[in-house]
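Asks: after the sequence you'll find the predicted model.
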Amino acid sequence: MKTFILALDQGTTSSRAIIFDRHGKAISSAHKEFRQIFPRPGWVEHDPVEIWESQKEVALRAVRKAGLKSGQIESIGITNQRETTILWDRKTGNPVHNAIVWQCRRTADICKALYADGKGEVIRDKTGLILDAYFSATKIKWILDRMPGLRARAERGEICFGTVDSWLLFNLTGKHFTDVTNASRTMLFNILTGKWDNELLNIFGVPEKILPEVKPSSGFFANTRKEIFGFEIPVGGVAGDQQASLFGQACFSSFSAKNTYGTGCFMLVNTGRKPVFSENRVLTTIAWDIGDGMEYALEGSVFTGGAVIKWLRDSLKILKVAADSEKMAKQVSDTGGVYFVPAFSGLGAPYWAPEVRGSIFGITGGTTPEHIARAALESIAFQSRDLIGCIQGDIGRKIKSLKVDGGASVNNFLMQYQADILGIPVVRSAVPETTALGAAYFAGLSCGYWESKKDIEKNWRSDSIFKPSISSYERESRMTMWKKAVKTASEFV
Ligand code: ADP
């Protein structure tokens with residue numbers, strides 16, 4: 001009887017389930033979008049019940065499609081949108097508030113006050129994170145402070161907190177656990193000791209009793225309740241989406257790197273057993289613990305990546321579909337001197353300027369939609385080059401190659417331009433779903449389905465390798481112009 005691993009990939013806009021075989025090949029999948037709730041400008045929520053119901057539905061659909069019976073799924077791996085915060089009643093399992101999504105800015109003022117109070121440094125030293133509304137801690141505080149009687153109930157142990165992995169696990173198994181990667185994004189977890197940190201809990205006013213038990217990313221968590229699939233399945237892997245993608249890309253050695261090109265871009269560089277603290281405000285995060293101790297990564301993000309292409313399609317309407325951007329970019333030999341700084345929601349590392357807005361420079365009467373489309377794609381590559389520059393500064397060495405995945409990584413023009421502007425090979429994974437695959441690998445390692453990282457390395461395949469094709473002089477002169485464009489845009493506030 002052939003056996004498989006089921007990966008649950010709970011993202012910001014949809015829930016996905018994919019079943020993988022021993023070669024890392026997807027044999028069945030299903031996905032479902034769910035509601036985005038915007039109660040006020042800048043606020044984002046999800047309904048936790050919808051998250052769970054949609055995830056359960058796609059898991060069942062994927063299993064049914066593949067016609068699998070009891071015993072044919074050796075383990076389940078969970079990967080998830082990170083930082084999103086859910087509080088629920090321990091007894092009934094009912095959420096006490098909607099999930100506050102990572103994008104939600106409602107706690108920006110709490111962060112400002114804590115920053116003014118001088119708390120930024122200790123938070124940075126213990127969590128590797130920048131004090132920001134993005135992470136879970138202030139979101140928990142916000143719910144506890146706003147809902148009458150909730151804090152007292154939380155202190156009595158009647159309330160559970162969890163990120164989405166933890167919420168799914170609770171619904172699947174009845175147990176209240178999380179893994180080190182998700183814990184490392186809450187801003188309550190000390191990434192050096194690998195434990196919840198009392199000083200941080202005090203800073204954010206979070207009672208210890210609401211916290212899940214933290215486990216390695218790969219290892220036995222618990223069995224699913226029998227009524228869900230009709231038989232029990234062990235959950236053996238849990239990790240946040242970007243860490244799962246780093247693992248799915250087999251970036252196991254120190255200084256191996258991946259970039260995921262989605263709405264934004266997420267660049268993670270493995271730094272091995274040693275956490276590296278950035279001088280450039282790049283985040284330090286736990287990459288994983290597969291049962292033999294924590295490993296770390298540096299993480300930087302581009303806020304507006306593929307989203308700039310979506311904007312050309314939906315707002316400017318110069319593209320019918322995102323893929324047209326590639327055809328258009330190739331119709332012109334350059335941007336005709338146009339530089340596009342897509343700071344729709346500010347600029348991240350190394351600029352950290354949330355107030356900056358987007359600009360397009362160098363337009364003439366001869367500028368065409370093709371030039372704009374090309375400049376938009378180039379901007380994704382330039383921003384990723386800026387990030388790698390920061391990370392290289394922090395690790396004190398050059399990254400040798402970059403593995404890539406994500407929706408916009410199918411764009412060959414973008415990938416070639418990325419290689420040109422980085423001056424290193426860009427290697428695209430043959431499996432587009434590296435996040436789900438990473439979750440499957442964590443789960444599969446826990447039960448011996450795959451024996452070691454070597455099996456995973458053997459499975460890893462590239463679909464294309466893009467090699468740099470311009471001179472270093474050309475590269476530097478384009479980067480100089482890009483930096484000039486960013487500087488000018490930054491002054492327009
Ligand atoms: P997410 O997981 O963040 O929702 P995806 O990995 O699904 O994102 O990628 C979707 C993003 O990639 C969208 O912003 C879209 O505009 C962009 N995108 C999709 N296809 C292409 C393409 N061929 N060229 C450039 N951008 C693309």
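Replies: That came through fine. Numbers count the residues shown, from 1 in each chain.
Asks: when you work out contacts or count neighbours from here on, use the C-alpha atoms and nothing else.
Replies: Will do.
Asks: compute the first-to-last residue distance for stretch 260-270.
Replies: With Cα to Cα, to the nearest Å as the measure, the ends of stretch 260-270 fall 14 Å from one another.
Asks: and if you look at stretch 308-327?
Replies: So stretch 308-327: terminal residues 16 Å apart, Cα to Cα.
Asks: and that stretch with the ligand, contact?
Replies: Yes: residues of stretch 308-327 are located near the ligand by Cα under 6 Å from any ligand atom, namely Ile309, Lys310, Ala322, Ala323, Ser325.
Asks: just the buried ones from these, in ChimeraX syntax?
Replies: Of these, the buried ones can be selected in ChimeraX as follows, counting by 16 or more other Cα atoms under 10 Å:
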select :309,310,322,325
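Asks: and the residue nearest to Asp132 when sequence neighbours are not counted, what is it in contact with?
Replies: If the residues on either side of it in the chain are set aside, Asp132 comes closest to Cys111, at 5.8 Å by Cα to Cα, 6 or more residues apart in numbering. Shown here is Cys111, whose contacts under the criterion Cα atoms under 8 Å, 6 or more residues apart in numbering are Leu131, Asp132, Ala133, Thr138.
Asks: does Cys111 belong to a helix, a strand or coil?
Replies: helix (DSSP: H, G, I helix; E, B strand; the rest coil).
Asks: hmm, back to that, most neighbours among the contacts of Cys111, please name it.
Replies: For the contacts of Cys111, neighbours were counted by other Cα atoms under 10 Å; the highest total belongs to Thr138, with 27 neighbours.
Asks: OK, contacts around it?
Replies: Thr107, Ile110, Cys111, Phe204.
Asks: can you mark which positions in the strand or helix carrying it are buried?
Replies: Under the criterion of DSSP states H and E, Thr138 resides in helix 136-146. Of the residues in helix 136-146, those scored as buried under the neighbour-count criterion (16+ other Cα under 10 Å) are Ser136, Ala137, Thr138, Lys139, Ile140, Lys141, Trp142, Ile143, Leu144.
Asks: return the distance of the next helix or strand after that helix from the chain's centre.
Replies: Counting by DSSP H and E, the element after helix 136-146 in chain order, helix or strand, is helix 150-155. Taking Cα atoms, centre = their mean, to the nearest Å, one finds helix 150-155 lying 31 Å from the centre of the chain it belongs to.
Asks: need the contact partners of the following helix or strand past helix 150-155.
Replies: Under the assignment DSSP H and E, the closest C-terminal helix or strand after helix 150-155 is strand 159-162. By Cα under 8 Å, 6+ apart, the list of residues contacting strand 159-162 from outside reads 85-90, 140, 153-154, 176, 178, 209-212.
Asks: quick one, which of the residues you listed are buried?
Replies: The neighbour count (16+ other Cα under 10 Å) marks 85-90, 140, 154, 176, 178, 210-212 as buried among these.
Asks: next to the ligand, which bits of the protein? Give me the list.
Replies: Proximity of the chain to the ligand is confined to 262-263, 306-307, 309-310, 322-323, 325, 406-408, 410-411 under the rule Cα under 6 Å from any ligand atom.
Asks: of those, which one scores lowest on pLDDT?
Replies: Per-residue confidence across those is lowest for Thr263, with 85 (pLDDT).
Asks: circling back: ok, so of the buried ones among the contacts of strand 159-162, who is nearest the ligand?
Replies: Proximity to the ligand was ranked across those by Cα to the nearest ligand atom; first place goes to Thr85, at 18.8 Å.
Asks: per-residue confidence for that closest one?
Replies: At Thr85 the predicted local confidence, pLDDT, stands at 97.
Asks: residues contacting the most centrally placed residue in the chain?
Replies: The centroid of the chain falls nearest to Gln242 when counting by Cα atoms, centre = their mean (3.8 Å). If you count contacts by Cα under 8 Å, 6+ apart, Gln242 has them with Phe266, Leu268, Thr435.
Asks: ok, and the most crowded of these?
Replies: For these, the largest neighbour count, defined by other Cα under 10 Å, is 32 neighbours, found at Leu268.
Asks: name whatever forms a beta bridge with it.
Replies: In this structure, Leu268 has the following beta-bridge partners (DSSP bridges): Lys258, Glu299.
Asks: read off the pLDDT value for it.
Replies: Reported pLDDT at Leu268 in the predicted model: 97.
Asks: can you tell me how far it sits from the ligand?
Replies: Noted for Leu268: a distance of 15 Å to the ligand, by Cα to the nearest ligand atom, to the nearest Å.
Asks: returning to that earlier point: and the helix holding Thr138, how far from the chain's centre?
Replies: Helix 136-146 has its C-alpha centroid displaced from the chain centroid by 22 Å (Cα atoms, centre = their mean).
Asks: same check on stretch 292-300?
Replies: Relative to its chain's centre, stretch 292-300 lies at 14 Å (Cα atoms, centre = their mean).
Asks: what lies in contact with that stretch?
Replies: Here stretch 292-300 makes contact (Cα under 8 Å, 6+ apart) with 194, 266-276, 278, 282-289, 349, 387, 391.
Asks: in stretch 52-68, what counts as buried?
Replies: Applying a neighbour-count criterion of 16+ other Cα under 10 Å, the buried positions in stretch 52-68 are Trp52, Glu53, Ser54, Gln55, Lys56, Glu57, Val58, Ala59, Leu60, Arg61, Ala62, Val63.
Asks: so what touches the helix or strand where the fourth one lies?
Replies: The one in question is Gln55. Of the helices and strands defined by DSSP H and E, Gln55 is found in helix 48-66. With Cα under 8 Å, 6+ apart as the contact definition, helix 48-66 has outside contacts at 6, 8, 10, 15-19, 27-35, 86, 95, 98-99, 167-168, 171, 229.
Asks: quick one: the strands in the stretch 351-493 of the chain?
Replies: With DSSP state E, counting those that start in this stretch applied, the stretch 351-493 of the chain shows strands at 359-361, 402-405, 426-429, 462-466, listed in chain order.
Asks: ugh, wrong one, I meant the stretch 101-250 of the chain
Replies: 159-162, 177-179, 189-190, 195-196, 213-215, 218-223, 234-240.
Asks: which strands border the third one, and is each parallel or antiparallel?
Replies: Taking DSSP bridges as the criterion, strand 189-190 forms sheet pairs with strand 195-196 (antiparallel).
Asks: could you pull up the mean pLDDT of the strand it pairs with?
Replies: Along strand 195-196, the predicted local confidence has a mean pLDDT of 98.
Asks: hmm, back to that, just name the most buried of the strands of the stretch 101-250 of the chain.
Replies: With neighbours defined as mean count of other Cα atoms under 10 Å, the strands of the stretch 101-250 of the chain peak in mean count at strand 234-240, which reaches a mean of 31.
Asks: kindly export it (C-alpha atoms) in CSV.
Replies: The C-alpha atoms that make up strand 234-240 are tabulated as CSV, following Å, rounded to 0.1, in the frame of the first residue of the first chain:
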residue,chain,number,x,y,z
PRO,A,234,-0.6,12.0,13.5
VAL,A,235,0.4,15.7,13.0
GLY,A,236,4.1,15.6,12.7
GLY,A,237,5.2,19.0,11.4
VAL,A,238,4.3,22.7,12.0
ALA,A,239,6.1,25.8,10.7
GLY,A,240,5.3,29.3,9.6
